[in-house]
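Colleague: Could you work out the structure for the sequence below:
(chains A, B, C and D)
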There are 2 protein chains.
Amino acid sequence: MASSNSITHLRRKRAETFKALGHPARLQIVDMLVRGEHCVCDLVDEVGLGWSTVSRHLSVLKAAGVVEDEKRGLQVFYRLALPCVGTFSACLDAARRGEKVEVRACCA
Amino acid sequence: MASSNSITHLRRKRAETFKALGHPARLQIVDMLVRGEHCVCDLVDEVGLGWSTVSRHLSVLKAAGVVEDEKRGLQVFYRLALPCVGTFSACLDAARRGEKVEVRACCA
DNA sequence: TGATTATTTCGCCGTTATGCGAAATAGAAC
DNA sequence: GTTCTATTTCGCATAACGGCGAAATAATCA
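Modeller: Residues are numbered from 1 along each chain as shown, chains lettered A, B, ... in the order given. Predicted structure coming up:
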């Protein structure tokens, strides 16, 4: 059952990633990070929720492996750790509009 | 604000899709459907949860636009409505293993 | 028609998520 | 060392999720 368990484990991790992306505020954060790294202050401004709330959303994304953070001076900068999320998001949006698009996704 | 609202709307829909995928049982269902359509009975057997529970998971996936259903005789068959989900899943799994893969995803 | 089979809907209940403000932490500047 | 400033952690209330079994639907078969 080793291989079945590893499949299960991989799937659980994958589910965690999807779940982290499954919230409008977190997705808005991800959309910003697709365009480049940002400090928390920028994200708070844009998302329009309290600092503590945004901070926890970021910790969820980080725990799921979607983003990485780096402290520089007083600020903490976040960046996307899974670039393919941007590609897939574009995919989903295109599908919802009824468009048929072929994309090349680089899974890093 | 029309364009900003439509972006918001699109993102909310996208979040709903991600959220639907963010559960191990639903992801297991999706993994089965990647390999072809299945009736509910097959899915119940494989997932190992009650009929009512699996049924609700399926309705979540359907509401999010991830799967489609078709009734044939007594049985209801489900199939994947977003093939790119399979591609992206492979992407995420590869990334978790540390592999770097380039895939061509067709967003239907 | 009445029985059977496949699936969905409903109501319940314990667990988890999400928002907030207050307090804690950590680094920079004075 | 004290004081800012940026961010995280904590505790709490409310809302949403996820499981189950029982009951409702719907299509087939006798």
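
Colleague: For A:Arg11, pull up the helix or strand it's in.
Modeller: helix A:2-21 (DSSP states H and E).

Colleague: do that helix and DNA strand D meet?
Modeller: No. If you take Cβ under 7 Å from any atom of the strand as the test, helix A:2-21 misses DNA strand D, and the best it gets is 7.9 Å. Bear in mind the C-beta positions are built from the backbone N, C-alpha and C, glycine included.

Colleague: That helix vs chain B: in contact?
Modeller: Yes. Judged by Cβ under 8 Å from any Cβ of the partner chain, helix A:2-21 comes into contact with chain B at A:8, A:10-21.

Colleague: so where's chain A uncertain?
Modeller: Along chain A, segments meeting pLDDT under 70 span A:1-3, A:108.

Colleague: which parts of it sit against DNA strand C?
Modeller: Within reach of DNA strand C by Cβ under 7 Å from any atom of the strand, chain A has these residues: A:19, A:23, A:25, A:49-53, A:56-57, A:60, A:71, A:73-74.

Colleague: In strands, which of the residues you listed appear?
Modeller: A:Lys71 (DSSP state E).

Colleague: which one among the residues of chain A next to DNA strand C gets closest to DNA strand D?
Modeller: Set against DNA strand D, the nearest of the residues of chain A next to DNA strand C by Cβ to the nearest atom of the strand is A:Ser52 (2.8 Å).

Colleague: so can I have TSV of the residues of helix A:2-21 next to chain B showing neighbour count and distance to A:Val66?
Modeller: Shown next, in TSV, are these (neighbours: other Cβ atoms under 10 Å in any protein chain shown; distance: Cβ to Cβ, whole Å):
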residue	neighbour count	distance to A:Val66
A:Thr8	13	21
A:Leu10	15	16
A:Arg11	19	17
A:Arg12	13	16
A:Lys13	16	12
A:Arg14	25	12
A:Ala15	22	13
A:Glu16	19	10
A:Thr17	26	6
A:Phe18	26	10
A:Lys19	20	10
A:Ala20	25	5
A:Leu21	25	7
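
Colleague: From B:Val47, how far off is A:Val40?
Modeller: Per Cβ to Cβ, to the nearest Å, A:Val40 is found 39 Å from B:Val47.

Colleague: Which positions in chain A make contact with DNA strand D?
Modeller: A:39-41, A:44, A:51-52, A:54-56, A:58-59, A:69, A:74-76.

Colleague: Show the overlap between those residues and what lies near chain B.
Modeller: Within those, nothing lies near chain B by Cβ under 8 Å from any Cβ.

Colleague: hmm, which two among these are most spread apart?
Modeller: Between any two of the residues of chain A next to DNA strand D, the greatest separation by Cβ to Cβ is 20.0 Å, found for A:Arg56 and A:Leu74.
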